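> Predicted model and sequence below, questions to follow.
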Amino acid sequence: MLRPTYAIPPLPPLAELETTAVLREAARAHRYLAELKGRAGTIPNQGILIDTLSLQEARASSEIENIVTTQDEMFQATLMLESGQGGPAKEVALYRDALKRGFDRLRESGGLLTNNMLVEMFQVLKRTGGDFRATPGTALYNDVTGQIVYVPPQDRDAIVAHMTALERFVNDDAASDLDPLIKMALIHHQFESIHPFPDGNGRLGRILNVLYLTRVGLLEIPILYLSRYVITNKAEYYRLLQRVRDDGAWEAWLLYMLRAVAETSIQTLSLVQGVAVLMAEYKTRLRTGHPKIYSQDLLNNLFRHPYTRIEFLQHDLGVVRQTAAKYLDELAVGGLLEKHSQGRSNYYVNRPLVDLLLRVSGG
């Protein structure tokens, strides 16, 4: 049986965390995060941001785990969620579903982020009925050398105990006066070190980040996703995770995570602003060129689903299939959508929105 190579500490750890450098970086991260929170509030229907941005995050986060899909494959998967298809695109769609399930449960719980919620997200992500690891033998390997770099707790009782303590730390705002962004970085490291699930820990840990920021009020909705930053700085991410375990190098880890928050906030600000401008343009074009079919619900549909189809419009507008098809075909003729065939049915693409997502997210 493998022996753990790191004694997981109680949180917060006995180390100097709020150094001058860390506090300076935290102030910068807070500034951009607050601007993002305010800017997101200007979008008429924030569900649009949750749907479009969570899918971008799902793709990026899955790419970290070497689950690679194209933008087109990803959106194709959203058109066929009930088809049972597999492959990378379906994995991306399942990540998005897990994130949305977690956000729904967070709101229902009155702001508590619980282990039961994490288990439920794991079950959505992996399409399983399982929960925390029960079988020993888990180890993390270097992708290049194949050598073991870290062995997490092996005993199920130890995993449950560590996760119970982590749940308490996540939800007890009075336990310490740590800056919440610093606390988020500690939570993420602890979760990844416990490595509680048989699979999907990286993706679930990144969902935990944004749900925590929402829980503590730094965001209204979960739209800050750090995965693109991690992809760009992937080797550093894993190196600093391990440096904490080997050398107690908390400052370097905290600085990395705080920079990730700041840089991702800047990028997401640009994306949210672009969506707002594009929505305003589409609203004008709909009202002037298609006044008989214009509605706010129609506009919302075109931005909530970059790739949409008749059934989506039926659901969102409460119209019959014939009417939905007529609306979409009219918009395609008018140049607001691109019409494509998929088997025996059609789908419609909001090309300017897709191009914006690709341009800003680097996809």
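Everything's here; your move.

> By mean pLDDT, flag the weakest helix or strand of the chain.
Ranking every helix and strand in the chain by mean pLDDT, DSSP states H and E puts helix 71-79 at the bottom, with a mean of 61.

> following that one, which helix or strand shows up next?
Of the helices and strands lying after helix 71-79 in sequence (DSSP states H and E), the nearest is helix 87-108.

> Where does pLDDT dip in the chain?
1, 54-89, 360-363 (pLDDT under 70).

> centre of the chain versus the longest helix belonging to it, how much separation?
Longest helix in the chain by number of residues (criterion: DSSP state H): helix 250-289. When distances are taken as C-alpha atoms, centre = their mean, to the nearest Å, helix 250-289 is centred 14 Å away from the chain's centroid.

> now stretch 353-361
Remark: stretch 353-361 is offset 17 Å from the chain centroid, using C-alpha atoms, centre = their mean.

> now do stretch 94-114
The gap between where stretch 94-114 is centred and where its chain is centred comes out at 11 Å by C-alpha atoms, centre = their mean.

> Would you mark the buried spots in that stretch?
For stretch 94-114, burial by neighbour count (16 or more other C-beta atoms under 10 Å) applies to 94-103, 105-106, 113. Using the backbone N, CA and C atoms, a C-beta is placed for each residue, glycine as well.

> Which elements pack onto the helix or strand hosting Asn116?
If you go by DSSP H and E, Asn116 is part of helix 115-126. In this structure, helix 115-126 makes packing contacts with helix 87-108, helix 156-171, helix 201-215, judged by 3 or more C-beta pairs under 8 Å, 6 or more residues apart in numbering; DSSP states H and E.

> Would you mind giving the orientation angle of the strand or helix carrying Gln190 with respect to helix 201-215?
Gln190 belongs to helix 180-194 when assigned by DSSP H and E. If you take axes from the mean of the first three to the mean of the last three C-alpha atoms, to 10 degrees, helix 180-194 sits at 160 degrees to helix 201-215.

> Give the other helices and strands that helix 180-194 contacts.
If contacts are counted by 3+ C-beta pairs under 8 Å, 6+ apart, helix 180-194 sits against helix 20-40, helix 156-171, helix 201-215, helix 234-247, helix 250-289.

> quick one: the third one to chain centroid distance?
If you compare the mean C-alpha spot of helix 201-215 with that of the full chain, they lie 7 Å apart, counting by C-alpha atoms, centre = their mean.

> what does the first one give?
With C-alpha atoms, centre = their mean as the basis, helix 20-40 stands 19 Å off its chain's centre.

> for the closest residue to Leu286 other than its chain neighbours, helix, strand, or coil?
Leaving out its chain neighbours, the residue that sits closest to Leu286 by C-beta to C-beta, 6 or more residues apart in numbering is Tyr294, at 4.3 Å. Look at Tyr294: counting by DSSP: H, G, I helix; E, B strand; the rest coil, its state is coil.
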